[in-house]
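Trainee: sequence? don't have it. structure:
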């Protein structure tokens, strides 16, 4: 069907949700085209998009289509599959989750569904705790309130890697009449609501990550869950660990409109406005902020001069890694072939920290599923031992009893690091400055260009095509010594072309500069954006920042 035929089919479908039908009736031609020109598709983190009517929107029907494809995928491989389901605070999240549960049960799939909102890492834990064959998480992570999404997990509690997602997509693509897909049952003994029991088991594992349990905790933590699912997990675990936590009460309400925050995304400064006010009022030493589905953590600290400093995801990852490796050395915790994972767009400061402690760093593509998959691989082969994993996008995993980013673990470990260094008369800012002095200063940043709709998709493709035809040779006189094309799976260096091994095909270009910096360009897998990542190295942090600002202007011009 063409766009208009699809629109009319939805508009005239007798049993269509009344709110969606009203939305369809109000659409003009441009809105119709945007809602129906394509289908919601699985990208790097499942399916995510604007909520509303149409095949290119997140709604009960596109969710059902994805779930029916997942059911057919499961039933073709397993006799009696079991699935865990959780959801965040967004509009329709609970409805979507329980509709998925009823649809799964209608086809003989046993379901463990959270009785109320739970964070993404706890969904991963649920999969493993109940020995499920996979999981579904309804969330749009840190996106604005208009968004929702759908993530699929495997039996390890890891988001589906591309080869498995492709198999699900094949089943989804076989489904033609998505409006006709409905649960056959309203209730079923195959559906189990879960809550406090799994919470207790998860909290126990989180508290077991601690390295030094008896540190002086006589300081205050200011915390915000940004209206999301991390509220009680983080507060309960920090309280049990002995920390004094003050919360932004207005942001503890699971409000799908995010009314008390400028943004729920800890990558943006608007997420810290209220918690900074609270920190100043309570004289807090540490600020912790989580995104709505509780897999990402933002950090701020009171420096020795009394000012508050907000760290980016690369800095937080480096600080966590430095503390974990230092504490393990002091405690005599040794493992064979320790390895740390981060991604191809994560700053090189983490790799420098790892190497300074004799720990190998392996790079993966963007998306924590790749790190989770590596963990599973080395658990089987015993070739290497996992000690830490993180992404530049504010997500990390301390211990792999879950297989996704875990902000609750990160909050507990970051609080411990703060207590440890306070006992030595240092703030986390002092520790970061020491790292830069020892290993080189890095200034890390991002540039994002929004390209929404059908026209945006065309422009995004043109940008990437042009950069492939005309790759960067230098940036403000700084020579490009190597570049990698993850779509063509090639590495170019010294006029030599080599195969780029160990990575799935993905649309990323990464340019290495002769001063130790890199610039990487990739389309976002979850938003209509082109993202540019900068990891700029110099002998001094402020010199690196000044260089970074000039590089930004160059890349802005190129993206025009």
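Mentor: Great, that's in hand. Remember, predicted model here, so these are calculated numbers, not experimental data.
Trainee: and the helices in the stretch 251-400 of the chain, which stretches?
Mentor: 273-282, 313-330, 349-356, 368-381 (DSSP state H, counting those that start in this stretch).
Trainee: to residue 209, which of these lies closest?
Mentor: For the helices of the stretch 251-400 of the chain, proximity to residue 209 was assessed by Cβ to Cβ; helix 313-330 is nearest, at 9.2 Å. Heads up, the C-betas are built off the backbone N, CA and C, glycines and all.
Trainee: so how far is that closest one from its chain's centroid?
Mentor: Put simply, helix 313-330 sits 20 Å off its chain's centre (Cα atoms, centre = their mean, to the nearest Å).
Trainee: next one: stretch 39-52
Mentor: Relative to its parent chain, stretch 39-52 has a centroid offset of 14 Å by Cα atoms, centre = their mean.
Trainee: likewise stretch 286-304?
Mentor: Here stretch 286-304 is found 15 Å from its chain centre; the criterion is Cα atoms, centre = their mean.
Trainee: what residues of it count as buried?
Mentor: For stretch 286-304, a neighbour-count test (16 or more other Cβ atoms under 10 Å) marks 286-302 as buried.
Trainee: below-threshold pLDDT in the stretch 151-300 of the chain: ranges please.
Mentor: Within the stretch 151-300 of the chain, no stretch has pLDDT under 70.
Trainee: swap in 90 and give it another go.
Mentor: 162, 176, 185-186 (pLDDT under 90).
Trainee: sorry, back to before: so which of the buried residues of stretch 286-304 belong to strands?
Mentor: Among the buried residues of stretch 286-304, the ones falling in strands (DSSP state E) are 286-290, 297-302.
Trainee: of all pairs in those residues, which one is the farthest apart?
Mentor: The span of these, defined through Cβ to Cβ, is set by 290 and 302 at 19.4 Å.
Trainee: look up how far residue 337 lies from residue 436.
Mentor: 28 Å (Cβ to Cβ, to the nearest Å).
Trainee: which one of those two has more residues nearby?
Mentor: residue 436 (21 against 11; other Cβ atoms under 10 Å).
Trainee: could you verify my assumption that the more buried one touches residue 541?
Mentor: Yes - under the criterion of Cβ atoms under 8 Å, residue 436 makes contact with residue 541 at 5.7 Å.
Trainee: in stretch 195-213, which residues are buried?
Mentor: Those would be 198-199, 202-203, 205-207, 209-211, for stretch 195-213 by 16+ other Cβ under 10 Å.
Trainee: tell me how far that stretch lies from the chain's centre.
Mentor: The answer for stretch 195-213 is 21 Å, by Cα atoms, centre = their mean.
Trainee: in stretch 333-351, which residues are buried?
Mentor: For stretch 333-351, burial by neighbour count (16+ other Cβ under 10 Å) applies to 338-351.
Trainee: and what of stretch 274-286?
Mentor: Within stretch 274-286, the residues that count as buried by 16+ other Cβ under 10 Å are 274-276, 278-279, 284-286.
Trainee: determine which two of the residues you listed are furthest apart.
Mentor: Spatially, the most separated pair among the buried residues of stretch 274-286 is 274 and 285, at 17.8 Å (Cβ to Cβ).
Trainee: tally of neighbours for residue 326?
Mentor: Using other Cβ under 10 Å, the number of residues around residue 326 comes to 17.
Trainee: buried set for the lowest-mean-pLDDT helix or strand in the chain?
Mentor: Between all helices and strands in the chain, the lowest mean by mean pLDDT, DSSP states H and E belongs to helix 453-469, at a mean of 86. Applying a neighbour-count criterion of 16+ other Cβ under 10 Å, one finds 459-460, 463-464, 467 buried in helix 453-469.
Trainee: and which of the residues you listed is nearest to residue 99?
Mentor: Once Cβ to Cβ is applied, the member of these that ends up nearest residue 99 is residue 460, at 32.3 Å.
Trainee: now do the strands in the stretch 451-560 of the chain.
Mentor: 474-475, 478-485, 490-493, 496-499, 509-513, 518-523, 529-538 (DSSP state E, counting those that start in this stretch).
Trainee: residue 275 contacts residue 223, doesn't it?
Mentor: Yes - between residue 275 and residue 223 there is a contact under Cβ under 8 Å: 7.2 Å.
Trainee: what touches both of those two?
Mentor: Jointly contacting residue 275 and residue 223 under the rule Cβ atoms under 8 Å, 6 or more residues apart in numbering are 248, 287, 289.
Trainee: nearest residue to residue 356 other than its sequence neighbours?
Mentor: With sequence-adjacent residues excluded and distances taken as Cβ to Cβ, 6 or more residues apart in numbering, residue 356 is closest to residue 439, at 6.3 Å.
Trainee: let me know the pLDDT of the one you found.
Mentor: On pLDDT, residue 439 comes in at 95.
Trainee: ditto for residue 421
Mentor: 98.
Trainee: quick one: residues contacting it.
Mentor: Counting by Cβ under 8 Å, 6+ apart, residue 421 has contacts 323, 427-428, 430-431.
Trainee: of the residues you listed, buried ones?
Mentor: 323, 427-428, 431.
Trainee: follow-up on the earlier one: any chance of the contacts of residue 421 in a markdown table, plus secondary structure, pLDDT and distance to residue 364?
Mentor: Formatted as a markdown table, the contacts of residue 421 follow (DSSP: H, G, I helix; E, B strand; the rest coil; pLDDT from 0 to 100; distance: Cβ to Cβ, whole Å):
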| residue | secondary structure | pLDDT | distance to residue 364 |
| --- | --- | --- | --- |
| 323 | helix | 98 | 22 |
| 427 | coil | 96 | 31 |
| 428 | helix | 97 | 26 |
| 430 | helix | 96 | 31 |
| 431 | helix | 97 | 26 |
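Trainee: distance to residue 489 added to these, as CSV?
Mentor: Below are the contacts of residue 421 laid out as CSV (distance: Cβ to Cβ, whole Å):
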residue, distance to residue 489
323, 36
427, 44
428, 39
430, 43
431, 38
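Trainee: and of these, the nearest to residue 308?
Mentor: Taking Cβ to Cβ as the measure, residue 308 lies nearest residue 427 of these, at 10.7 Å.
Trainee: got the contact list for that closest one?
Mentor: Each residue near residue 427 by Cβ under 8 Å, 6+ apart is listed here: 285, 301-304, 421.
Trainee: from residue 496, how far out is it?
Mentor: Residue 427 sits at a distance of 46 Å from residue 496 (criterion: Cβ to Cβ).
Trainee: now swap in residue 254 and tell me
Mentor: Here the distance between residue 254 and residue 496 works out to 55 Å (Cβ to Cβ).
Trainee: what's in contact with stretch 495-513?
Mentor: Contact partners of stretch 495-513, identified using Cβ under 8 Å, 6+ apart, comprise 44, 161-162, 344-345, 364-366, 464, 467-468, 471-472, 475, 478-487, 489-491, 518-523.
Trainee: any of those buried? List them.
Mentor: Using 16+ other Cβ under 10 Å, the buried members of these are 44, 161-162, 344-345, 364-366, 464, 467, 472, 475, 478, 480, 482-486, 489, 491, 518-523.
Trainee: where in the stretch 351-500 of the chain is pLDDT low?
Mentor: Residue ranges of the stretch 351-500 of the chain with pLDDT under 90: 448-463, 495.
Trainee: one more pass at 80, please.
Mentor: Judged against pLDDT under 80, the low-scoring parts of the stretch 351-500 of the chain cover residues 452-454.
Trainee: so residue 491 touches residue 344, yeah?
Mentor: No - Residue 491 is beyond contact range of residue 344, at 11.8 Å (criterion: Cβ under 8 Å).
Trainee: give me the common contacts of these two.
Mentor: Each of residue 484 lies in contact with both residue 491 and residue 344 under the rule Cβ under 8 Å, 6+ apart.
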